[in-house]
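*Asks:* Sharing a model that was predicted from the sequence below.
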Amino acid sequence: MRSWLVTTVAAIALAACSQASNDTETTEAEGADANAAAETPETTDGAESTETADTASGDILLPLPEETSAEITADDLAVRIETLASDTYEGRGPGSEKGEKAADWIAAEMGRVGLEPGGENGSWFQTVNMVEQTLDEGASSLTFEGGASGEAMPMTLKEQAVMWTKRQNANELEFDDSDLVFVGYGVVAPEYDWNDYADLDVEGKTVVILVNDPGFARGTDDLFKGKAMTYYGRWTYKYEEAARQGATGAIIVHETAPAAYGWDVVKNSWSGAQADLVRPNGGADRAMYEGWVTLDVAKKLFEEAGLDFEAQKQAAKEPGFTAVDMGDLTASGKLVQSITKMESRNVVGVLPGTETPDEYMLYTAHWDHLGKKSGEKTGAAGEDFYRDDIFNGAVDNATGVAAMLDIAEAMATEEHPRSGLFVSVTLEESGLLGSKYYAENPTVPLSDIVAGVNMDALLPVGRTKDMVVIGYGASELEGILESKIEAQDRTIKPDTKPEAGYFYRSDHISFAKKGVPMLYADGGVDKRDGGEAAGMAMAEAYTVQRYHKPMDEYSDDWDLSGMVEDVQALYQVGLEIINSDEWPTWYEGNEFEAARKESLANSED
C-alpha cells in the first residue's frame, strides 16, 4: 500500500489489500499447472460463508495471453495489467472467491512463460492462513465524554473516525470510560534514548498518538534519522507498541503531511473487511480497539481536555517529553464484527539455475488490492470520477505483477547459473502480511537469496530522465542499477520524500528485516516531454483521484514507454546477479547489515 505524492513518482507510490484447501488438485490451464482447492470458510457463528472460492478445478476466469514476447514490451505489460485489473477479479481481495482466482491466473501465467512451481508440496502456492474481520458500523460506536463542555462526542464512523480490532475470538467487544492519555509519538526507542511511555501505566486506558516520528517533526538531523521516517513512525509500530504497553485503545491522529496520504485513504483502507494473519493467541495481546481520528476531532478533544493541540504537538517532538493525561476525557464504545477464517495464497515460481541452483535472485510484487466494498457507488458511468464498488488496483499493483511476469518471461528464454525466484505475495494492503508470512516461512532458505527487487505501483507517466530509489544509500544494488540506467541516458535520484517512510511501506521490508539485500526503485518524475512539472502533476492527479479508490483502473491510453524502460532496468539488475557469483550486500552501518551477517553465518554452521 503506497501513496503517491507530488514530490516524485516513486515517493508517491506507497503503506495500511476462496480459501485454498490443504489438499491441492492440479489441472492443466493453458499449459500451466494452476492448482488451488477451496473449502467453506469457518465463521464464528457456525454459518457457512458464501464468500468462498471454489478453485478445486484450478480453472482461471480470464484467458492467458495468446502470445507475448521474450522482450519486455508495452503490449505485454498492457495485456497483463488489463487482465489483473479487470472487474472480473473484483478488486483482488485476498481470500475472496474472485480475488483468489487472480492468484490462479498468475500461477498459470508463470507456468506459461517457463517457470516451475516453487510453493508447497510441488504446487504454485504457499497457503497463508488469514482472518477476515468486518466491523458492523451500524451496530458499533465510539463516543468521547467528560470534556469541559459537558457534551458527549459520538463519532460518525468513516467520516470522523475509523476503528477496528485485531482480536479474533469475539464478535462483540465493549469498553467503557477508558481514560485518554496523550503519548506524543508513542515511541519506545532505546537506541535514540527516547521513551514516550516512561513511568506511565496505560493499562485500561486509550492512548492518543501522533503520526510519523519526532525526527520528522523537528525537521533537523539531530533526532532519529532527521527528516527521514524510521520504522517508529509507521502506524503498524504505534499500534504494536500501545499493545505492549497494555493499552485498551490506540488512536492515531491523522494529518496529511506526516501520514503522506489524505483522510480518504484512511477511510477506504481501514473500513469494510479487514484481513489479518491468524494469530496464535487470537489477538489477545493487542489493544481492544485501534483506530484513527481526523485532525478536527483531535483538536476538539484537546480543547475539551483543556489542552492546546498545537502546543502539545510541539512539546512531543522534544527530548524528555512526558505523556499528558487528557483531563476527565474518556472513550466508550462497542465493536460488533463478523469473523471469518479463510486462506489466501502467495504465488511462487522458480527458474532453476544450472550451476548453483541453491542461490536465488528474487523478484516480488503483491497481487492483492482492496477488493469490493459496498456503499461506494456514486456518480454515473462514463464520468471522469465515476465511482463503483470495485477497487481495481490497476496501478496498485497490477503493474508490479505484470512487470514481474515480463521479467520472468525474459529470463526464462535462456539458462542461468543461479536460480530465479518469483514471489507474488498476498495481503500487502493489510499490512505487508503475505510477505511477512513468507519471510517467516520461506520456501527456500533466506540465506540462499542473493538479493531481491520489489515492484509496487508503477505509474504510467511516460519516459523520464531519472529513476528514483526508495531508501537510497542502503545497498550495493544501487550501483548495479545505476550502471543499467546510464545506458538509457538516465540518472538515479534519491527519494525526495524520505519523511513519508516509503522504504517501510512495501513488501521488500519483510525481507530486508531478515537481512536480504533488497532494491526498491520506481520510475522518475522528470518527464522527457514536460519536465518535472508534468511528472508531478500526473503523480498528484493519481494521488487525489485514484489511489485506493475505485478509479484506479486500467486505460488503453496509458503511456507505458517509461514503465518499459524501468522494467528493463530492473530486469538487467537481476540478470547481472543471476549470471554472476557476486553477493551484493548492505552498505556498512545499514540497519539491516547485522541481520544479513547473522543469516549468512548461521547458514555456514
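*Replies:* Ah, there it is.
*Asks:* Distance check, residue 544 against residue 398.
*Replies:* Going from residue 544 to residue 398 by CB to CB, to the nearest Å gives 20 Å. Where C-beta positions appear, they are placed from N, C-alpha and C, glycine not excepted.
*Asks:* do residue 534 as well
*Replies:* Distance, residue 534 to residue 398, using CB to CB: 24 Å.
*Asks:* between the two, which one's more packed in?
*Replies:* Neighbour tally, residue 534 and residue 398, criterion other CB atoms under 10 Å: the higher count belongs to residue 398, 30 against 17.
*Asks:* Quick check: the more buried one touching residue 553?
*Replies:* No: between residue 398 and residue 553 there is no contact under CB atoms under 8 Å: 9.8 Å.
*Asks:* what residues are shared contacts of the two?
*Replies:* Shared contacts of residue 398 and residue 553, defined by CB atoms under 8 Å, 6 or more residues apart in numbering, are found at 85, 392.
*Asks:* give me the low-pLDDT residue ranges for the stretch 301-450 of the chain?
*Replies:* Counting by pLDDT under 70, the ranges of the stretch 301-450 of the chain that qualify are 375-387.
*Asks:* in this protein, what secondary structure element scores lowest on mean pLDDT?
*Replies:* Lowest by mean pLDDT, DSSP states H and E among the helices and strands of the chain is strand 28-29, with a mean of 31.
*Asks:* Buried residues of the longest strand seen in the chain, list them for me.
*Replies:* As assigned by DSSP state E, the longest strand anywhere in the chain is strand 324-351. Across strand 324-351, burial judged by 16 or more other CB atoms under 10 Å covers 324, 326-327, 329-351.
*Asks:* for stretch 101-119, same thing?
*Replies:* Within stretch 101-119, the residues scored as buried using 16+ other CB under 10 Å are 101-113, 115-119.
*Asks:* swap in stretch 139-148?
*Replies:* 140-142, 144-147.
*Asks:* Could you pick out which of those are located in strands?
*Replies:* Using DSSP E, the buried residues of stretch 139-148 in strands are 141-142, 144-145.
*Asks:* from those, which is closest to residue 283?
*Replies:* residue 142 (18.8 Å; CB to CB).
*Asks:* residue contacts, that closest one?
*Replies:* Contacts of residue 142 by CB under 8 Å, 6+ apart are 154-155, 157, 161, 163, 289, 291, 331-333.
*Asks:* I'd assumed residue 388 was in contact with residue 372.
*Replies:* No: between residue 372 and residue 388 there is no contact under CB under 8 Å: 9.0 Å.
*Asks:* neighbour count winner among the two?
*Replies:* A direct count of neighbours by other CB under 10 Å for residue 372 and residue 388 places residue 372 higher, at 24 against 18.
*Asks:* related to what we said a few turns ago, only the buried subset of the contacts of residue 142, as a PyMOL command please.
*Replies:* To isolate the buried members of the contacts of residue 142 in PyMOL, using 16+ other CB under 10 Å:
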select buried, resi 155+157+161+163+289+291+331+332+333
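*Asks:* Pull the number of nearby residues for residue 246.
*Replies:* 14.
*Asks:* residue contacts, it?
*Replies:* Residue 246 makes contact with 201-204, according to CB under 8 Å, 6+ apart.
*Asks:* what does the domain assignment say about the protein?
*Replies:* Using automatic domain parsing, the domain ranges for the chain come out as 9-123+352-604, 134-338.
*Asks:* ok so, going back, just the buried residues of stretch 139-148 now: which is nearest residue 579?
*Replies:* Closest to residue 579, out of all of those and judged by CB to CB, is residue 140, at 55.6 Å.
*Asks:* shouldn't the closest one be in contact with residue 335?
*Replies:* Yes: with contact defined as CB under 8 Å, residue 140 counts as touching residue 335 (5.2 Å).
*Asks:* okay, the closest residue to residue 546 other than its chain neighbours: pLDDT?
*Replies:* In this structure, residue 546 finds its nearest non-sequential neighbour in residue 552, 4.4 Å apart by CB to CB, 6 or more residues apart in numbering. Looking at residue 552, its pLDDT reads 93.
*Asks:* Tell me how many other residues surround residue 552.
*Replies:* Residue 552 is flanked by 24 other residues according to other CB under 10 Å.
*Asks:* picking that back up, return the subset of the buried residues of stretch 101-119 lying in strands.
*Replies:* Filtering these for strands - DSSP E - leaves 116-117.
*Asks:* average pLDDT for the helix or strand hosting residue 162?
*Replies:* Assigned by DSSP states H and E, residue 162 belongs to strand 161-164. Averaged across strand 161-164, pLDDT comes to 97.
*Asks:* Kindly export it (C-alpha atoms) in CSV.
*Replies:* In CSV, the C-alpha atoms belonging to strand 161-164 read as follows (Å, rounded to 0.1, in the frame of the first residue of the first chain):
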residue,chain,number,x,y,z
ALA,A,161,-13.1,8.2,12.9
VAL,A,162,-12.3,4.6,11.8
MET,A,163,-11.8,1.8,14.2
TRP,A,164,-11.3,-2.0,14.3
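*Asks:* which other residues reach it?
*Replies:* Residues contacting strand 161-164 (CB under 8 Å, 6+ apart): 133, 135, 140, 142, 155, 157, 251, 266-267, 270-271, 274, 289-294, 297, 333, 335, 337.
*Asks:* Narrow those residues to those in helices?
*Replies:* Counting by DSSP state H, the part of the contacts of strand 161-164 found in helices is 266-267, 297.
*Asks:* Now that we have those, can you turn them into TSV and tack on distance to residue 360, neighbour count and pLDDT?
*Replies:* Listed next are those as TSV, based on distance: CB to CB, whole Å; neighbours: other CB atoms under 10 Å; pLDDT from 0 to 100:
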residue	distance to residue 360	neighbour count	pLDDT
266	37	24	94
267	40	19	91
297	48	20	98
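*Asks:* Highest mean neighbour count out of the domains of the chain?
*Replies:* Comparing those by mean neighbour count (mean count of other CB atoms under 10 Å), domain 9-123+352-604 comes out on top with a mean of 21.
*Asks:* How far off centre is it?
*Replies:* 11 Å (CA atoms, centre = their mean, to the nearest Å).
*Asks:* Numbering from 45 from now on, please.
*Replies:* All set: I'll call the first residue 45, so the last point we hit is now domain 53-167+396-648.
*Asks:* pLDDT at the closest residue to residue 306 other than its chain neighbours, what is it?
*Replies:* Once flanking residues are discounted, residue 306 sits nearest to residue 300: 5.2 Å by CB to CB, 6+ apart. Turning to residue 300, the model gives it a pLDDT of 94.
*Asks:* Please report the distance of residue 300 from residue 281.
*Replies:* For residue 300, the distance to residue 281 equals 20 Å [CB to CB].
*Asks:* Residue 415 now?
*Replies:* Relative to residue 281, residue 415 is positioned 26 Å away (CB to CB).
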